[in-house]
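S.K.: Quick one, fold the following:
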Amino acid sequence: RFEIGVQSTNDLTNELVKRKQNFAKLARTVTAIKRSGKIVQHLDLIAGLPMEDYSSFRKTFNDVFALEPEELQLGFLKMLRGTGLRRDASKYGYIYMDQAPYEILGNDVLRFDDLLRIKRVEDILEKYWNAHRMDHTIRYLIKREFASPFDFFQEFGDYWEQRGWQKIGHQLEDLFIRLLEFLRHRKTPGMDHVIGLMKYDYFLQHKYKPRKIWWDFSVKKESFNRWIEWLAGHPEEVSKDFAALGAGLKELHKHAMLEVLPFGLQDYLEHGRIEPNRPVVLFVYYDPAAQNPAKTYTVP
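M.R.: Numbers count the residues shown, from 1 in each chain. All right, here's what the predicted structure looks like:
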């Protein structure tokens with residue numbers, strides 16, 4: 001696990017806090033480490049550094065999020081005793097708490113309201129990205145339906161606050177329902193595709209066949225039974241990997257789930273293409289003997 005303090009990609013800001021940083025070089029290194037698949041990376045940003053206004057921080061966030069670290073943490077500047085920034089606080093118009101943790105409340109270029117909005121970004125980032133509850137869905141949304149990653153987290157965070165959801169607890173299915181409500185509220189296009197990816201992500205979040213579902217199944221019981229019988233009798237037509245499991249009819253009834261998606265999931269996962277009007281049956285088998293039990297297959 002690597003923890004890397006990026007803090008900001010604003011050159012002037014880094015110069016003012018006496019940090020030397022070559023972000024292009026850092027990006028190449030982070031990307032190479034990510035490709036290795038062996039090390040989790042945790043990248044840190046700090047909101048409220050000198051001369052980093054809301055727009056500049058948005059750019060910093062998008063620069064770093066583009067690297068898709070496993071964790072991206074937002075921190076807020078604290079004016080700790082004995083630091084150069086605390087000594088120069090008046091130079092940048094800092095207002096901060098007079099007791100620990102001495103967190104800033106604003107400065108000449110970043111208002112208190114802006115800090116509150118960034119805190120909403122932090123909240124959604126923790127729930128929906130750092131927790132990795134629906135990576136395929138989030139990637140789709142930020143690349144196709146929102147101007148930037150920051151805009152997705154900010155817009156959703158603002159809506160979350162308006163709905164008062166910060167005052168209540170959330171089960172896993174609640175997080176999917178709240179995202180769905182937000183996307184429908186803003187009339188997000190392509191919702192059939194988004195919901196398909198959300199269902200896929202939801203299945204992947206479970207180690208065992210989930211008992212609680214946040215949508216109405218499109219595969220009714222009679223169709224489900226026919227599909228299960230077909231799968232048990234023709235496993236090689238699904239894939240060699242599935243046939244190798246040797247799952248019989250009883251195991252499939254106990255550990256399998258089926259849902260129809262309105263597009264070719266495998267084509268999207270491999271090539272990033274969404275081809276509408278090519279529905280597939282998503283077949284999920286929770287292998288009780290496997291360390292990573294959720295195995296997914298698609299059948300036209």
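S.K.: In the chain, which strand is the longest?
M.R.: The longest strand of the chain (DSSP state E) is strand 276-286.
S.K.: What is the subsequent helix or strand relative to it?
M.R.: Sequence-wise, the next helix or strand downstream of strand 276-286 (DSSP states H and E) is strand 294-299.
S.K.: part of a helix, is E126?
M.R.: Yes - counting by DSSP: H, G, I helix; E, B strand; the rest coil, E126 is found in a helix.
S.K.: Next, the buried residues of stretch 101-119.
M.R.: Buried residues in stretch 101-119, defined by neighbour count with 16 or more other C-beta atoms under 10 Å: 104, 106-107, 109-110, 114-115, 118. C-beta: built from backbone N, CA, C; applies to glycine.
S.K.: On the three-state scheme, the spatially most central residue of the chain is what?
M.R.: What sits nearest the mean C-alpha location of the chain, by C-alpha atoms, centre = their mean, is W129, with 2.8 Å. Under three-state DSSP, the three-state class of W129 is helix.
S.K.: Distance check, it against E155.
M.R.: Between W129 and E155 the distance is 15 Å, computed by C-beta to C-beta, to the nearest Å.
S.K.: Looking at the buried residues of stretch 101-119, which one is closest to E236?
M.R.: Checking those against E236 by C-beta to C-beta gives I118 as the nearest, at 52.9 Å.
S.K.: Give me the spatial nearest neighbour of the closest one, chain neighbours excluded.
M.R.: A47 (4.9 Å; C-beta to C-beta, 6 or more residues apart in numbering).
S.K.: And the contacts of the helix or strand harbouring H193?
M.R.: Element membership for H193 (DSSP H and E) is helix 191-204. Residues from elsewhere that reach helix 191-204 (C-beta atoms under 8 Å, 6 or more residues apart in numbering): 133-137, 140-141, 145, 172-173, 176, 179-180, 183-184, 188, 210, 213-215, 257, 259, 261-263, 265, 274, 276, 282, 284, 294, 296.
S.K.: So which of the residues you listed are in helices?
M.R.: Applying DSSP state H to the contacts of helix 191-204, the entries found in helices are 135-137, 140-141, 172-173, 176, 179-180, 183-184, 265.
S.K.: could you flag which of the residues you listed are buried?
M.R.: Buried, going by 16+ other C-beta under 10 Å: 136-137, 140-141, 172, 176, 179-180, 183, 265, out of those.
S.K.: And these, which two are furthest apart?
M.R.: Within those, two members stand farthest from each other by C-beta to C-beta: L172 and L265, at 21.0 Å.
S.K.: any idea how far V238 is from L282?
M.R.: Going from V238 to L282 by C-beta to C-beta gives 12 Å.
S.K.: joint contacts of the two?
M.R.: Shared contacts of V238 and L282 (C-beta under 8 Å, 6+ apart): Y297.
S.K.: quick one: contacts for F153?
M.R.: Residues in contact with F153 (C-beta under 8 Å, 6+ apart) are 120-121, 124-125, 128-129.
S.K.: With pLDDT and distance to Y159 as extra columns, can I get the residues you listed in JSON lines?
M.R.: Converted to JSON lines, the contacts of F153 look like this (pLDDT from 0 to 100; distance: C-beta to C-beta, whole Å):
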{"residue": "R120", "pLDDT": "98", "distance to Y159": "9"}
{"residue": "V121", "pLDDT": "98", "distance to Y159": "12"}
{"residue": "I124", "pLDDT": "98", "distance to Y159": "9"}
{"residue": "L125", "pLDDT": "98", "distance to Y159": "15"}
{"residue": "Y128", "pLDDT": "97", "distance to Y159": "13"}
{"residue": "W129", "pLDDT": "97", "distance to Y159": "17"}
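S.K.: Quick check: of those, which lies closest to D151?
M.R.: Closest approach between those and D151, by C-beta to C-beta: V121, at 9.7 Å.
S.K.: For that closest one, grab the count of nearby residues.
M.R.: Look at V121: counted by other C-beta atoms under 10 Å, it has 24 neighbours.
S.K.: tell me the pLDDT at the residue nearest to the residue nearest to the centre of the chain when sequence neighbours are not counted?
M.R.: Spatial nearest neighbour of W129, excluding adjacent residues (C-beta to C-beta, 6+ apart): I138 at 6.1 Å. Per-residue confidence (pLDDT) for I138: 97.
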